[in-house]
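> Sequence plus predicted model, see below.
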Amino acid sequence: MQHLRQLLEIENSELAQLLRFSLYGLEATLNQARTEFPLDPGSKICDEVLQELHNLLQPEPLQQNTGWEDPPDDLKLNHLREAFNADSELNYYLGNSQLQSITDSDLWNEIQRKLLRVPEDLAATWRSRTLDLAQEVGAIADNSNLYQLPFIRDEIIYPGLSGTVQTQGLTLYQQALSNPKNPQANVSDLPAAFLFLYMNFIEIDPDLHHALKSVFGFDVISLHSKPEQRDQYIDALSDRFQRTQKAEKNTDPLSILRAWIDMDEAIHSLVFVPPAERYSWWGKLQHESRRILKKVADEAINAGNEVRIRQLSGLYADICASSKDDLQLDCGGIPGEVLTCLRVYARINQDESPGRVIFRSSR
């Protein structure tokens with residue numbers, strides 16, 4: 001394990017990235033097999049292997065301000081912090097929580113990650129402003145030093161900085177998911193892409209929460225402060241990925257549709273408080289799952305089934321009859337409206353399945 005850890009800790013290493021993704025895949029496969037074969041004679045050793053993999057893949061603790069002391073005033077980007085915290089439009093979408101980072105590098109990344117949750121036009125305006133303010137203190141955009149997140153396409157999410165402030169940016173990276181036997185993306189690529197993307201994003205963003213009912217159905221839970229919930233959410237996401245793969249191998253349209261509804265729910269249940277705006281980077285990313293779900297539903301209809309899929313939105317009072325076990329927040333959005341649709345409403349032939357949402361309280 002010593003050499004595995006040493007390789008994983010090497011920055012900007014393709015081999016380190018490949019190893020990390022492979023270990024995540026091994027962890028997911030063993031977790032699924034452990035559930036399917038609980039009486040296997042190797043189960044005890046398997047549990048120990050899973051614990052070793054978990055410890056190996058555990059990220060270093062993020063350096064965040066604990067709230068016991070004020071952020072330092074000598075940060076080069078302190079004027080950026082003050083402007084960001086004071087912006088009322090950002091507060092509308094992000095809530096009133098203040099930036100927590102205590103180093104310039106962490107502050108840059110915290111701000112850029114938060115901009116992924118606001119409407120893209122507002123994010124673009126603010127991203128340009130962050131670069132201008134960074135240049136005032138001698139830091140410039142750097143697209144050569146990027147932390148890579150596996151997904152089905154290449155996309156620079158935001159740049160890093162070089163000069164007086166040096167830090168990594170963030171990029172989606174297709175090569176980690178590429179399959180030389182099938183270079184064209186298909187339906188089955190997206191669940192795997194979300195699984196590995198989420199595993200990595202959870203490591204770097206302490207603001208992420210989950211609202212997956214099968215893991216915990218009564219609240220929106222922080223994955224940073226509740227590591228056991230983080231592990232259970234990833235296990236549930238991995239399990240639904242495995243079930244989606246099995247359904248697609250069986251080629252039954254209704255089995256594929258039901259598996260995709262469950263997978264889509266797990267994807268949309270990774271949330272922020274308040275939830276990301278629908279037309280933000282995060283909102284559009286998660287909507288890619290809904291587009292595939294619609295295609296799967298159309299295939300089931302073409303096979304002779306009656307299918308109705310509905311994404312629940314708008315006034316909560318208008319959709320609550322089509323949902324169940326919903327969650328309520330007192331921040332974000334417009335009072336009385338749906339903040340995000342966690343699970344779509346579905347009617348498949350004679351079977352009806354309620355949706356699930358997070359909504360803003362009316363008060």
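Yes, it's here.
> what residues are up against the residue at minimal distance from the centre of the chain?
In the chain, the C-alpha closest to the average C-alpha coordinate belongs to residue 198, at a distance of 4.4 Å (C-alpha atoms, centre = their mean). Neighbouring residues of residue 198 by C-beta atoms under 8 Å, 6 or more residues apart in numbering: 234, 237, 267, 270. For the C-beta atoms, the positions are set from N, CA and C on the backbone; glycine is no exception.
> any chance you could map the helices in the stretch 1-150 of the chain?
2-8, 14-36, 43-57, 78-86, 88-94, 104-115, 120-136 (DSSP state H, counting those that start in this stretch).
> So which bits of the first one are buried?
This points to helix 2-8. Of all the residues in helix 2-8, those buried under the rule 16 or more other C-beta atoms under 10 Å are 4, 8.
> Using CSV, list the CA coordinates for that helix.
Provided in CSV are the C-alpha atoms of helix 2-8 (Å, rounded to 0.1, in the frame of the first residue of the first chain):
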residue,chain,number,x,y,z
GLN,A,2,2.9,2.3,0.6
HIS,A,3,3.9,2.6,-3.1
LEU,A,4,0.2,3.0,-4.1
ARG,A,5,-0.1,5.9,-1.8
GLN,A,6,3.1,7.5,-3.0
LEU,A,7,1.9,7.3,-6.6
LEU,A,8,-1.5,8.7,-5.7
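> dump the residue contacts of the closest residue to residue 127 other than its chain neighbours.
Distances taken as C-beta to C-beta, 6 or more residues apart in numbering place residue 115 nearest to residue 127, at 6.0 Å, with adjacent residues excluded. Shown in contact with residue 115 (C-beta under 8 Å, 6+ apart): 123, 126, 127, 130, 158, 281.
> Now the two most distant members of these.
The distance between the two most remote of the contacts of residue 115 (C-beta to C-beta) is 14.8 Å, for 130 and 281.
> Helix 43-57 and the lowest-mean-pLDDT helix or strand in the chain, what's the angle between them?
The helix or strand of the chain with the poorest confidence is helix 14-36; it has a mean of 74 (mean pLDDT, DSSP states H and E). Interaxial angle of helix 14-36 relative to helix 43-57 (axes from the mean of the first three to the mean of the last three C-alpha atoms, to 10 degrees): 150 degrees.
> so what does helix 14-36 touch, helix or strand wise?
helix 2-8, helix 43-57, helix 189-204, helix 227-250 (3 or more C-beta pairs under 8 Å, 6 or more residues apart in numbering; DSSP states H and E).
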